[in-house]
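>>> Output the structure for:
(4 chains, ligands or ions: 4)
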Number of protein chains: 2
Amino acid sequence: MSTPGFSEQTSALLSQASLACSRRGTQLTELRRKVLGLVLDSDRPAGAYDLLDRLRAHHKGAAPPTVYRALDFLLEQGLIHKVERLSAFVGCIHRHADDHDHPHAAQFLICTRCGRVTEIEDGGVNRALVQAARQGGFRLARATVEAEGVCAACAAMPAGASAGA
Amino acid sequence: MSTPGFSEQTSALLSQASLACSRRGTQLTELRRKVLGLVLDSDRPAGAYDLLDRLRAHHKGAAPPTVYRALDFLLEQGLIHKVERLSAFVGCIHRHADDHDHPHAAQFLICTRCGRVTEIEDGGVNRALVQAARQGGFRLARATVEAEGVCAACAAMPAGASAGA
DNA sequence: CCGCCACTGCTACGTTATAACCTGAACGAG
DNA sequence: CTCGTTCAGGTTATAACGTAGCAGTGGCGG
Ligand SMILES: [Zn+2]
Ligand SMILES: [Zn+2]
Ligand SMILES: [Zn+2]
Ligand SMILES: [Zn+2]
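Ligands and ions are numbered 1, 2, ... in the order given. Sure thing, here's the model as predicted:
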């Protein structure tokens, strides 16, 4: 695999991310690649300090700014998203077209049972938001939409249990 | 005025809040009333530590737990909202019906020029969210919707200026 | 009187995020 | 080549946000 320690799927996503950055004239350096790999490899949102701890295993001397700078870069590149309610980060599931100059409009479904976050991109929600903003004369730039509830997997489990670990 | 140091409008809202709490069997104590007054009296979202500083002017010995406990209470009572993106609090503009047992579904428009936040409650957005969640088999409990952009007042100003202060 | 409860005071601590300053590598202009 | 500039990252310290835990007080019902 291309980056030891990461899953096959994560490695594949890292390769795509690297390409996407090249096309945009930015560099997915080794450090940024590691941080992105850690985010992608986690099936739950990852906090900055969780990432820092894991990063330190293979990157001695990492400090808060180390990981926050990498996260800022990855956010700018649209490779990850921040879930505000959790102060945590998730990998972006969407393909990164050559031309994407500004972030796409996504929404997040946060399961309060298992902690997993699903990224969706719902046209209806986006249209409704644009409409609502326009009604108030508000010039909409972007929106944070984070729903909390119970995911399909957890809803199918007996109460008290949580799907998949 | 009923509570010295607050505007007439804030005082009126405080009276309403006090009544609403009585009906629900909870107490809007003097401390909680002061914190609510501070939130309502501000035309921008107020951070917890900003509130703490202002609270100390009339309430010697206040510490972080003092203000956070009051904020928790006010959130539970639906008297204020937290704006996650700003880690700050705003007063709720809606009337507090006797029967409201769970929080209402509101959205926030955050102006990046002047910093003001407008609370709206848009049926279209709420319907779209319910619909989007259902499509993924997600049992929606509540949603954080925080739009960023430029408010009508700021959009009418020359670039570089910001409306009202 | 006594136990219980809601509220508050207070100390300390945990978590999240950024400021400020410095080093070194890469690269083109002069 | 040497300088200025840009970008990435190391390092230290600190700001900003939030909570745990325990003690005291005062009301209220047994
Ligand atoms: Zn995305
Ligand atoms: Zn779940
Ligand atoms: Zn409200
Ligand atoms: Zn504005």
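>>> mind checking how far the helix ranked longest in chain A is from the chain centre?
In chain A, assigned by DSSP state H, the helix with the most residues is helix A:8-24. Remark: helix A:8-24 is offset 14 Å from the chain centroid, using CA atoms, centre = their mean, to the nearest Å.
>>> could you list every residue that touches the closest residue to ligand 4 within chain A?
Going by CB to the ion, ligand 4 is nearest to residue A:138 of chain A, at 9.0 Å. Where C-beta positions appear, they are placed from N, C-alpha and C, glycine not excepted. By CB atoms under 8 Å, 6 or more residues apart in numbering or on different chains, the residues touching residue A:138 are B:109, B:111, B:118, B:147, B:149, B:150, B:151, B:152.
>>> from what I can see the last one touches residue A:136, true?
Right, residue B:152. Yes. Using CB atoms under 8 Å, residue B:152 is in contact with residue A:136, at 6.7 Å.
>>> all helices in chain A, in order from the N-terminus.
Using DSSP H, helices in chain A cover A:8-24, A:30-41, A:48-58, A:64-76, A:123-135, A:152-155.
>>> Output these as TSV; include the columns mean neighbour count, mean pLDDT and distance to residue B:65.
Shown next, in TSV, are those (neighbours: other CB atoms under 10 Å in any protein chain shown; pLDDT from 0 to 100; distance: least, CB to CB, whole Å):
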stretch	mean neighbour count	mean pLDDT	distance to residue B:65
helix A:8-24	16	94	42
helix A:30-41	22	98	33
helix A:48-58	16	97	23
helix A:64-76	17	98	26
helix A:123-135	18	98	36
helix A:152-155	16	96	33
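>>> Which of these sits closest to ligand 2?
In terms of CB to the ion, the element of the helices of chain A nearest to ligand 2 is helix A:152-155, at 3.2 Å.
>>> That closest one and ligand 2 in contact?
Yes. On the criterion CB under 5 Å from the ion, helix A:152-155 is in touch with ligand 2 at residue A:154.
>>> Equivalent analysis for stretch A:130-147, please.
No. Stretch A:130-147 stays clear of ligand 2 (CB under 5 Å from the ion), getting no nearer than 12.6 Å.
>>> then that stretch to CSV, C-alphas only?
What follows is stretch A:130-147 as a C-alpha-only set of coordinates in CSV (Å, rounded to 0.1, in the frame of the first residue of the first chain):
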residue,chain,number,x,y,z
VAL,A,130,-31.2,30.1,0.0
GLN,A,131,-34.9,31.0,-0.1
ALA,A,132,-35.0,31.7,3.7
ALA,A,133,-32.0,33.9,3.5
ARG,A,134,-33.3,35.8,0.6
GLN,A,135,-36.5,36.5,2.4
GLY,A,136,-34.6,38.4,5.1
GLY,A,137,-32.4,40.2,2.5
PHE,A,138,-29.5,38.2,3.7
ARG,A,139,-26.6,37.5,1.3
LEU,A,140,-25.9,33.8,2.0
ALA,A,141,-22.2,32.7,1.7
ARG,A,142,-22.3,29.3,3.3
ALA,A,143,-24.2,27.4,6.0
THR,A,144,-23.4,25.0,8.8
VAL,A,145,-26.2,22.3,8.9
GLU,A,146,-25.7,19.7,11.6
ALA,A,147,-28.6,17.4,12.5
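>>> For the top strand by length along chain A, list every residue counted as buried.
Using DSSP state E to define each element, chain A has its longest strand at strand A:139-150. Residues of strand A:139-150 classed as buried under the neighbour-count rule (16 or more other CB atoms under 10 Å in any protein chain shown) are A:139, A:140, A:143, A:144, A:145, A:146, A:147, A:148, A:149, A:150.
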